[in-house]
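Undergrad: Quick check, what structure comes out for this input:
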Amino acid sequence: MSKIRDLFHKVGNCHNKISVAAGLTKAELKRKHEGGTMPEEIKKVVGRLSELEQHAVEASKVLNQLKDIIYGAIDPDTGKAKK
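TA: I've put the predicted structure just below:
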């Protein structure tokens, strides 16, 4: 069984990967259409990637809040309740 700390770390890494992938894809699309007219469909994709990036950041913040609460009640390495 994974330790609670390890599970929080894995979820945090997933959020980071989503955010970075969305940001890099958005930057690449913008760079590809630099100096020219960006098609409306690409503008929509860039907007959605921005939203995805922001949602990943927000999810990480919520995860940290949840982690603080859980770490206050449970030892993250043993999974046992704190006394």
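
Undergrad: what about the residue nearest in space to the middle of the chain, distance to residue 30?
TA: In the chain, the centroid-proximal residue (C-alpha atoms, centre = their mean) is residue 15; its distance is 2.4 Å. Relative to residue 30, residue 15 is positioned 23 Å away (C-beta to C-beta, to the nearest Å). Bear in mind the C-beta positions are built from the backbone N, C-alpha and C, glycine included.

Undergrad: now do residue 82
TA: Distance, residue 82 to residue 30, by C-beta to C-beta: 48 Å.

Undergrad: Show me which of the two is the more surrounded one.
TA: residue 30 (14 against 9; other C-beta atoms under 10 Å).

Undergrad: Give me the buried stretch members for the helix or strand encompassing that one, please.
TA: Taking DSSP states H and E as the criterion, residue 30 maps to helix 4-32. Within helix 4-32, the residues that qualify as buried are 4, 5, 8, 15, 18, 19, 22, 26, 29, counting by 16 or more other C-beta atoms under 10 Å.

Undergrad: what is the rounded mean pLDDT of that helix?
TA: The average of the pLDDT scores along helix 4-32 is 95.

Undergrad: Output the contacting helices and strands for that helix.
TA: Contacts defined by 3 or more C-beta pairs under 8 Å, 6 or more residues apart in numbering; DSSP states H and E place helix 4-32 against helix 40-73.

Undergrad: Quick one: mean pLDDT over the helix it packs on.
TA: Here the average pLDDT along helix 40-73 is 96.

Undergrad: Give me the buried positions along that helix.
TA: Neighbour counts over helix 40-73 (16+ other C-beta under 10 Å) mark 46, 49, 52, 53, 56, 59, 60, 67 as buried.

Undergrad: Check the gap between the closest residue to the fourth one other than its chain neighbours and residue 56 for me.
TA: The spatial neighbour of residue 53 that comes closest, neighbours along the chain excluded (C-beta to C-beta, 6 or more residues apart in numbering), is residue 22 at 4.2 Å. Distance from residue 22 to residue 56, counting by C-beta to C-beta: 7 Å.

Undergrad: Name the nearest residue to residue 33, sequence neighbours excluded.
TA: Of all residues not flanking residue 33 in the chain, residue 42 sits nearest, at 6.2 Å (C-beta to C-beta, 6+ apart).
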